[in-house]
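Asks: Take this sequence and fold it.
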Amino acid sequence: MNRIAILNGPNLNLLGTREPEVYGSKSLKELEASWVAFGELHAVEIVCFQSNVEGELVDAIQDYGFEVDAILINPGGYTHTSVAIRDAIAAVDAPVYEVHISHPDAREDFRKTSLVRPVCAGAISGLGVRGYKAVLEVLINVE
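Replies: Okay, here's the model as predicted:
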């Protein structure tokens, strides 16, 4: 692995203030800095992107999906509604891993369906923000 993109969807810019009992107390900027530092430690470039706009996430998937070795995506609420994000993931070369801070299957019924998961290489949820690093460790092959 030389380059990994981490894409975050709607409302994840509110990490640290939005329901900290569910999503933790660290801001997205703090988390992004820790992921970039982790990548640097292992000679892997980590690029981060966040948007509340569906089309911007589709653009990011398309932009990075042919240039990076893997994508981690937390589509937020678009997980359950976006055929466009699903189709973008299916169209790119890079394997995409779905990440969720909470465990959608343990939440409201409408959150139990992921439109993106069937086209992802893997998925992790319910480990808090540690789920991102868990996927990074596997992809980078950190023992």
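Asks: So which residues of the protein form strands?
Replies: For the chain, applying DSSP state E gives strands covering 3-8, 45-50, 70-74, 96-100, 122-125.
Asks: which of the residues in the helix or strand bottoming out on mean pLDDT in the chain are buried?
Replies: Least confident helix or strand of the chain, by mean pLDDT, DSSP states H and E, is helix 20-23 with a mean of 80. Going by neighbour count (16 or more other CB atoms under 10 Å), the buried part of helix 20-23 is Y23. C-beta here means a position set from N, CA and C on the backbone, and glycine is covered the same way.
Asks: Outside of it itself, list whatever touches it.
Replies: L15, G16, I101, S102, G128, V129 (CB atoms under 8 Å, 6 or more residues apart in numbering).
Asks: Show me how far it is from its chain's centre.
Replies: Relative to the chain's own centre, helix 20-23 is displaced by 17 Å; criterion: CA atoms, centre = their mean, to the nearest Å.
Asks: Of all the strands of the chain, which one is nearest V116?
Replies: strand 96-100 (5.6 Å; CB to CB).
Asks: same for the closest one, what does it pack against?
Replies: strand 70-74, strand 122-125, helix 130-140 (3 or more CB pairs under 8 Å, 6 or more residues apart in numbering; DSSP states H and E).
Asks: and of the ones you listed, who's closest to E32?
Replies: Comparing those by CB to CB, helix 130-140 comes nearest, at 9.7 Å.
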